[in-house]
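Colleague: Structure of the sequence below:
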Amino acid sequence: MSNYQPSTSSSADPNLGSLGPEYRTQVAEPESEPVSVPHEVMLLLLAYLPLYELLAMSQVCVLLRDAVNEEVLPWLNVVVDRTLSSRLTDEILIKVTSKANGRLATLALMDCVKITDDGLRRVAETNPLINKLCLTGCTRLTPEGVIRAVKTLSDHHPHSLTTLQINGIYDINKHHLQTLRSFLPLNTELQLKQPLLFYHTYRNPKSPGHWQSLRVIDVEVCRLCEEVRMVFDCPRESCKRRECRGCSFCIQRCEECGGCVEYGEEEEAACSDVLCSACWLQLPKCDVCNKPYCKTHTSLGYSASASAGFICDVCRAKFIQSLCDDLEF
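Modeller: Residues are numbered from 1 along each chain as shown. As a prediction, this is how the structure comes out:
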């Protein structure tokens, strides 16, 4: 009989977690020789796990649960992505960030629509060492609430906040932006070193998290519409000029290459995204309508059994509808 026990047992060996049950049966430690602490390598690995996996790891066994709850290192960088964003509330956020014991360095909240100004303020007050703050898509936050949180951090350690991401927060104006910039370590030399921001890289779901961006702040005033938004550069050598730089509302860009596309010159795609002519020619096309998907939406296509191509979801829906109409007739 196997000595392996579920999470309620104190004798579970975390080093066997990724092995099959047959192997665990053969090598599990006897109950008379319990392992008192997880291996040091396991503790180091915990710091690199996403929050969702870190919480799941705490359910494996008692030893890992205690390690996750008692170790500070895994909680110094809290990144909440879309797997948990819809469930995160103020109280849960405060509980999670409290595990860092006031040493939280990175707080990245992506599309956490339940987080309020009060929750952010409380986290900022108890974690004055935050140097990276990402609040993209947190639509319940207000510009005034973000300013209060940033000011709280700045009062403890002036200009220690090196990254601030606030794209997607509503009603940010020039005055709000100017106030936020006054708390950030911005100077002429640093502004000149700001990396270029390309539309297709930002939109790519497989690209590194935007909270890891080297930019001090992700938004600025678009010179065309004078609104506070993300402003993108053009990757084309021929377009590296001031006139081609602007927000996505003012300058249309190709989903594949990020290059600017003149209105009326965009190519039609099977999805709703914009493609330039060069990228349109290179992408696989639907066998019926001869329209391509951008690489982000290739999973929407259906394999065509009679060829190596695919059928887009629109053409497939039309085909199914025509079959239903014929049966009714």
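
Colleague: Next SSE downstream of the helix or strand harbouring Asp66?
Modeller: Using DSSP states H and E, Asp66 maps to helix 62-70. Using DSSP H and E, the helix or strand that follows helix 62-70 in sequence is strand 77-80.

Colleague: one step back: centre of the chain to the helix holding Asp66, how far?
Modeller: Averaged C-alpha coordinates place helix 62-70 at 26 Å from its chain's average position (C-alpha atoms, centre = their mean, to the nearest Å).

Colleague: what packs against that helix?
Modeller: Judged by 3 or more C-beta pairs under 8 Å, 6 or more residues apart in numbering; DSSP states H and E, helix 62-70 is in contact with helix 40-46, helix 51-57. In this view, the C-beta of every residue, glycine as well, is placed from N, C-alpha and C.

Colleague: Check which residues of that helix are buried.
Modeller: By neighbour count on 16 or more other C-beta atoms under 10 Å, the buried set for helix 62-70 is Val62, Leu63, Leu64, Arg65, Ala67, Val68.

Colleague: What of stretch 51-58?
Modeller: Neighbour counts using 16+ other C-beta under 10 Å place Leu51, Leu54, Met57, Ser58 of stretch 51-58 among the buried residues.

Colleague: Contacts only, for the second one.
Modeller: It stands for Leu54. Counting by C-beta atoms under 8 Å, 6 or more residues apart in numbering, Leu54 touches Leu46, Val68, Pro74.

Colleague: Kindly provide the distance from it to Gln252.
Modeller: 40 Å (C-beta to C-beta, to the nearest Å).

Colleague: before we move on, what about Ser322?
Modeller: 34 Å.

Colleague: Comparing the two, which residue is more hemmed in?
Modeller: Gln252 (18 against 10; other C-beta atoms under 10 Å).

Colleague: Check whether the more buried one really touches Cys260, as I assumed.
Modeller: Yes: using C-beta atoms under 8 Å, Gln252 is in contact with Cys260, at 6.9 Å.

Colleague: And the average pLDDT for stretch 58-76 is what?
Modeller: In this model, stretch 58-76 has a mean pLDDT of 83.

Colleague: that older thread, would you turn the buried residues of helix 62-70 into a markdown table with distance to Asp233?
Modeller: A markdown table is the format used below for those (distance: C-beta to C-beta, whole Å):
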| residue | distance to Asp233 |
| --- | --- |
| Val62 | 51 |
| Leu63 | 49 |
| Leu64 | 45 |
| Arg65 | 46 |
| Ala67 | 44 |
| Val68 | 41 |
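
Colleague: domain parsing for this structure?
Modeller: 1-75, 82-251, 262-329 (automatic domain parsing).

Colleague: Please work out which of those is packed deepest.
Modeller: Stretch with highest mean neighbour count among these: domain 82-251 (a mean of 17; mean count of other C-beta atoms under 10 Å).

Colleague: Show the end-to-end separation of that domain, please.
Modeller: 28 Å (C-alpha to C-alpha, to the nearest Å).

Colleague: next one: that domain to chain centre, how far?
Modeller: 12 Å.

Colleague: the bottom helix or strand of the chain by mean pLDDT?
Modeller: helix 21-27 (a mean of 43; mean pLDDT, DSSP states H and E).

Colleague: about what we covered before: restricting to C-alpha, output the helix holding Asp66 in PDB.
Modeller: This file holds the C-alpha atoms of helix 62-70, laid out as PDB (Å, rounded to 0.1, in the frame of the first residue of the first chain):
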ATOM      1  CA  VAL A  62       1.100  20.500   4.400                       C
ATOM      2  CA  LEU A  63       4.900  21.100   4.000                       C
ATOM      3  CA  LEU A  64       4.400  23.100   0.800                       C
ATOM      4  CA  ARG A  65       1.400  24.900   2.300                       C
ATOM      5  CA  ASP A  66       3.600  26.000   5.300                       C
ATOM      6  CA  ALA A  67       6.500  27.000   3.000                       C
ATOM      7  CA  VAL A  68       4.200  29.100   0.800                       C
ATOM      8  CA  ASN A  69       2.600  30.800   3.700                       C
ATOM      9  CA  GLU A  70       5.700  31.400   5.800                       C
END
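
Colleague: Which elements pack onto the lengthiest helix in the chain?
Modeller: Using DSSP state H, we find that the single longest helix of the chain is helix 313-328. Applying 3+ C-beta pairs under 8 Å, 6+ apart, one finds that helix 313-328 contacts no other helix or strand.

Colleague: Other residues contacting it?
Modeller: Ala270, Cys286, Val288, Cys289, Leu300, Gly301, Tyr302, Ile311.

Colleague: Which of the residues you listed sits closest to Ile169?
Modeller: Leu300 (29.9 Å; C-beta to C-beta).

Colleague: Would you mind measuring from the closest one to Tyr293?
Modeller: Taking C-beta to C-beta, one finds Leu300 at 6 Å from Tyr293.

Colleague: So for the two, which residues contact both of them?
Modeller: Ala270, Cys271, Cys312.
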